[in-house]
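Novice: Show me how the following folds:
(one chain, ligands or ions: 1)
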Amino acid sequence: MSKYDIIVLGSGPGGYVTAIRASQLGFKTAVIEKESLGGVCLNWGCIPTKALLKSAQVFNYLNHAEDYGLTIEKADKDFSAVVKRSRNVADGMSKGVQFLMKKNKIDVIEGFGKLKSGKKITVTDKNDKKTDYEADHIIVATGARSRELPNLPQDGEKVIGYREAMTLKEQPESMIVVGSGAIGVEFAHFYNSMGTDVTVVEFLPNLVPLEDEDISKQFERSFKKSGIKVMTNSSVESVDTSGKKVKAIVKTKKGEETLEADVVLSAVGIKTNIENIGLEDLGIKTERDKILVNDFYQTNVQGIYAIGDVVAGPALAHVASAEGIACVEKIAGMNVEPIDYGNVPGCTYASPEIASVGMTEKQAKEAGYELKVGKFPFSASGKAKAAGTPDGFVKVIFDAKYGEWLGCHMIGAGVTDMIAEAVLGRKLETTGHEVLKAIHPHPTMSEAVMEAVADAYGEVIHL
Ligand SMILES: Cc1cc2nc3c(=O)[nH]c(=O)nc-3n(C[C@H](O)[C@H](O)[C@H](O)COP(=O)(O)OP(=O)(O)OC[C@H]3O[C@@H](n4cnc5c(N)ncnc54)[C@H](O)[C@@H]3O)c2cc1C
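Specialist: Numbers count the residues shown, from 1 in each chain. Here you go, the predicted structure:
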């Protein structure tokens, strides 16, 4: 039986990054994968969606070429070529992980892994052949899949999840998107840009409901302006797929409405892959669909750890990677700080983009802080005006007493590439005045961060 120091079960951004860090630290490492290297993120999540969204952005630019003084006879799209490009990007990224595994001398074991007692894993390959492996430490990183609601069963054709949504053979004429978290609104934006008639149904009062309320409101305005129909405070009660189109009964504050569309995309969250992987046999504790772990990702069973989407915390690729790194560094005996979940950035790549970190204004108030809040609209930014993307703003929230940067919320073009400034600033316990005294390049969208901070302290220049 092959024996390793560390075996990682699952090769998503949690698993493969963990394996690389483990190998860097001198551990003999293997990763087990039943599908494609790179997990959901590279194959079915972060990367292929961003490829689709890039096509949408280029198409939108072409359709508005005259705004930039350019003439294009008629912009057109080839939906299957757009999907193919996205798949090629994903495949290329997965091959990149293959290269990284080789470079870092990590064994890749193909097949379905199931934990056994005695720190062993049985792997069943595609020919049903079973092989046992053993390790001193086993890290479970089996991720998650699209969550199914009982009243919205996915048939893969008329009621679909995210995998089908990024590989449809034909572009639907109409689509109902259920759920307005990042995944829902990214697909809503993509299909709307391609010309599909899109309606978003959200149970809560605001779109992107986890964001600061100002962001949600601006986002809803922009979404409606782009032609997407928005139904908040509404829920899909049932779907009827017996006809050519899907009929969805939607409960709203005003009563029931029946919507009709070619497809319904269910984007109501995720379900962790914790079944049939031996957790029960080993007595590994779970709670509310997540594996229970301590600050360094140890389960209640010695030598077994879990990271990524299978544990509590934000289901994001960068979180999964950070957890995996912390987990193996701790195993290596390094002096590791637990992850600060209060400083995890979240990004939504629709148009406008959203990026945020830290507390919303409401959360900060509820936590009892006295606040200094600043805002800078991109309509006052030279770079945004020149780029033709003046929608959106940066909002910063500081503790009035000690100057702590409590939260930063952005909406607008390219803000997902700007939020790291706030993450780093907060990590280094930077005060508002220090941000103000850090010269930001002109003209850039990033000046809006400095100006928003200046606004919080009554020193804004360009408003
Ligand atoms: C449409 C979509 C868009 C997203 N966009 C973003 C984004 O922009 N930014 C972001 O940060 N996050 C995004 N996410 C979330 C992100 O993809 C996940 O948080 C991330 O992939 C979780 O990583 P993971 O390693 O925990 O699990 P996964 O990526 O789910 O990987 C788990 C892997 O384990 C394998 N596996 C499972 N069980 C077994 C088994 N028993 N044996 C062997 N292998 C097994 C699976 O095949 C899979 O490859 C998106 C998700 C979706 C669905």
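
Novice: What residue in the stretch 301-450 of the chain comes nearest to the ligand?
Specialist: Gly308 (2.2 Å; C-beta to the nearest ligand atom). The C-beta positions use only the backbone N, C-alpha and C, and glycine is treated the same way.

Novice: Does that residue touch Glu323 like I think?
Specialist: Yes. Gly308 is within contact range of Glu323, at 6.3 Å (criterion: C-beta atoms under 8 Å).

Novice: Quick check: neighbours shared by these two?
Specialist: Common contact partners of Gly308 and Glu323 (C-beta atoms under 8 Å, 6 or more residues apart in numbering): Gly14.

Novice: Look at those two and report which has more neighbours.
Specialist: Neighbour count, other C-beta atoms under 10 Å: between Gly308 and Glu323, Gly308 has more, with 35 against 26.

Novice: how close does that one get to Cys46?
Specialist: The spacing between Gly308 and Cys46, counted by C-beta to C-beta, to the nearest Å, is 13 Å.

Novice: Nearest residue to the middle of the protein?
Specialist: Closest to where the C-alpha atoms of the chain average out (C-alpha atoms, centre = their mean) is Leu316, at 4.9 Å.

Novice: that older thread, for the residue of the stretch 301-450 of the chain closest to the ligand, which non-adjacent residue is closest in space?
Specialist: The spatially closest residue to Gly308, leaving aside those adjacent along the chain, is Gly14, at 2.9 Å (C-beta to C-beta, 6 or more residues apart in numbering).

Novice: Could you check the pLDDT of the one you found?
Specialist: With respect to pLDDT, Gly14 has a value of 98.

Novice: who's in contact with it?
Specialist: Taking C-beta under 8 Å, 6+ apart, we find Gly14 in contact with Gly39, Ala141, Gly143, Ile307, Gly308, Asp309, Ala320, Ser321, Glu323, Gly324.

Novice: Dump the strand or helix carrying Val423 to CSV, restricted to CA.
Specialist: Val423 is located in helix 420-427, with elements delineated by DSSP states H and E. The C-alpha atoms that make up helix 420-427 are tabulated as CSV, following Å, rounded to 0.1, in the frame of the first residue of the first chain:
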residue,chain,number,x,y,z
ALA,A,420,-7.2,44.2,-2.2
GLU,A,421,-6.0,47.7,-1.2
ALA,A,422,-8.7,47.6,1.6
VAL,A,423,-7.9,44.0,2.6
LEU,A,424,-4.2,44.9,3.0
GLY,A,425,-4.9,48.2,4.6
ARG,A,426,-7.1,46.5,7.2
LYS,A,427,-4.6,43.7,7.7
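
Novice: what does that helix contact?
Specialist: Here helix 420-427 makes contact (C-beta under 8 Å, 6+ apart) with 340, 343, 345, 357-358, 396, 405, 408, 430, 434-435, 446, 449.

Novice: what residues does this protein put near the ligand?
Specialist: Contact residues, the chain versus the ligand (C-beta under 6 Å from any ligand atom): 9-15, 32-35, 39-41, 44-46, 49, 112-113, 141-144, 162, 183, 273, 277, 308-309, 315-318, 320, 349.

Novice: which among those end up buried?
Specialist: Buried members of those, scored by 16 or more other C-beta atoms under 10 Å, are 9-15, 32-34, 39-41, 44-46, 49, 112-113, 141-144, 162, 183, 273, 277, 308-309, 315-318, 320, 349.

Novice: show me the contacts for the closest residue to Ala413 other than its chain neighbours.
Specialist: Nearest in space to Ala413, with sequence neighbours left out and distances taken as C-beta to C-beta, 6+ apart, is Thr389 at 3.6 Å. Thr389 is in contact with Pro352, Phe378, Gly412, Ala413, Gly414, counting by C-beta under 8 Å, 6+ apart.

Novice: what do you get for Ile109?
Specialist: Listed by C-beta under 8 Å, 6+ apart, the contact set of Ile109 reads Ala30, Val31, Ile32, Glu33, Val123, Thr131, Tyr133.

Novice: Enumerate the beta-bridge partners assigned to the fifth one.
Specialist: With beta bridges defined as DSSP bridges, Val123 has these partners: Gly113, Thr131.

Novice: Give me the neighbour count for it.
Specialist: Neighbour count for Val123, taken as other C-beta under 10 Å: 21.

Novice: Show me where the stretch 351-463 of the chain dips below the pLDDT cut-off.
Specialist: The model of the stretch 351-463 of the chain has no residue with pLDDT under 70.
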